[in-house]
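Engineer: Need coordinates for the following:
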Amino acid sequence: MASVSMKGLRKVYDKTVVAVDNFDLEIADKEFVVLVGPSGCGKSTALRMIAGLEEITAGELFIGERKMNQIEPKNRNIAMVFQNYALYPHMTVYENIAFGLRMRKLPRREIDAKVREAAEILEISDLLKRKPKALSGGQRQRVAIGRAIVRSPDVFLMDEPLSNLDAKLRGQMRTELIQLRRRLNTTFVYVTHDQTEAMTLGDRIVVMNQGHIMQIGTPSEVFNRPENLFVAGFIGTPQMNFLNAALEIRDGRITALAAGERIPLPDGYARPELDGKPAILGIRPEHILLSGGNGIPAAVEVRELLGSTVDLHLRVGGEMLEAIVPSGAAGRAGDASLLRIEFDTSQLHLFDPESGRRIPAAAEPAPRAAETPPAGTPRREPEHSRMIDPAEIID
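Structural biologist: Below is the predicted model:
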């Protein structure tokens, strides 16, 4: 088992395309860290630098106490699980799992014990004689994970391992990964664009955008106290509502004028420097409530029944908002085209419209400065520069 330390990592392709920049991250021994962000944000590139599949343009990478910049992938004692499974089609499940151990010339009896133990953990003992073409997507992914387990690596790397599975199977596999992590108790670095995976799997989440780290924190911290507009809009389904607002303090109370309405804010925002300032008001759909006669009038544009909840698309003063309300509350409102709503003021968020950074209430610590991608920086998720046989890194 080992920690992972990344200090100022930078990856540039063709001397112009910046894939990852100023990447600083400390991962503790036995921690499960998830890199999450939209396509092209650099998360897979960062993972591949840890694996040794991408050369590091600048910065330092340590696994444990050992600097890894120039160490070959096969000598890093890591195991990687790929999105496309990377199984050898002509080999049985048993042979796929055992292949790396055989390459290391371990005794046959030890190989057999390790393979069968991994198969038991992953509940694929009855599949050991089958070939990959006879397996479902979930079964193939278990085999790929089994091949990683038998190596007893210092660090597990997983690059969107569930993205090829259907929604039901992804949910099942998430549960199994949580149980597997508890059983193995080792260090995991996991890449995904799916925020549900990030929120349910990670001890900490690293939110990335355009090659930069936007926020690092626990799932609760990232969800409840997003440090900037990008994180606030990316984390959460449906995403947070944003309204342009003007702040005003009267008689020691602060309000936000937004969508033609005066919305009271918590007293922690009633600071002289905010009086008269513009802001962006954020409120999550689940924190918009149906109200009585004194609420804000909202025209219902679309209703979407989601079972126990209803997704309401509302027009308020020329602005569109999305609200998630219990089906019972929505049912009592009937099919009315005009409702009244109120905001859970304890769950409001304020952001600076110029910098995009969170404006903290008085009781909150100020957020740390987030990386802002330089204007005009060329960006893409590149065709990775080095193709590699799976055996070099996972076997």
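
Engineer: Can you name the next helix or strand after the helix with the most length in the chain?
Structural biologist: Longest helix in the chain, counting residues (DSSP state H): helix 167-184. Per DSSP states H and E, the first helix or strand lying C-terminal to helix 167-184 is strand 187-192.

Engineer: From the contact counts, what lies against that following strand?
Structural biologist: Strand 187-192 sits against strand 32-36, helix 43-51, strand 155-159, helix 195-201, with contacts defined as 3 or more CB pairs under 8 Å, 6 or more residues apart in numbering; DSSP states H and E. Using the backbone N, CA and C atoms, a C-beta is placed for each residue, glycine as well.

Engineer: Measure how the longest one sits relative to strand 187-192, angle-wise.
Structural biologist: Between the axis of helix 43-51 and that of strand 187-192 there is an angle of 150 degrees, by axes from the mean of the first three to the mean of the last three CA atoms, to 10 degrees.

Engineer: how about the helices in the stretch 101-250 of the chain?
Structural biologist: In the stretch 101-250 of the chain, the helices defined using DSSP state H, counting those that start in this stretch lie at 108-121, 137-149, 167-184, 195-201, 219-224, 229-234.

Engineer: Can you say which of those helices is nearest to Thr309?
Structural biologist: With CB to CB, the closest approach to Thr309 among these belongs to helix 195-201: 16.0 Å.

Engineer: Distance from stretch 68-79 to the middle of the chain?
Structural biologist: Offset of stretch 68-79 from its chain centre (CA atoms, centre = their mean, to the nearest Å): 25 Å.

Engineer: Any idea how far apart the tips of that stretch sit?
Structural biologist: End-to-end distance for stretch 68-79, by CA to CA, to the nearest Å: 15 Å.

Engineer: Please apply the same query to stretch 211-231.
Structural biologist: First residue to last in stretch 211-231 (CA to CA) measures 14 Å.

Engineer: Show me what the longest helix of the chain is in contact with.
Structural biologist: 32, 121-122, 136-138, 141-142, 145, 149, 156, 161-162, 165, 188, 194, 196-197, 200-201 (CB atoms under 8 Å, 6 or more residues apart in numbering).

Engineer: Any of the residues you listed buried? List them.
Structural biologist: 32, 121-122, 138, 141-142, 145, 149, 156, 161-162, 165, 188, 194, 197, 201 (16 or more other CB atoms under 10 Å).

Engineer: Could I get the full set of helices for the stretch 251-395 of the chain?
Structural biologist: 327-332, 390-394.

Engineer: Counting by contacts, list what the longest one packs against.
Structural biologist: Helix 327-332 is packed against strand 309-316, with contacts defined by 3+ CB pairs under 8 Å, 6+ apart.

Engineer: you'd agree Ala98 is up against Glu110?
Structural biologist: No: using CB atoms under 8 Å, Ala98 is not in contact with Glu110; the gap is 10.4 Å.
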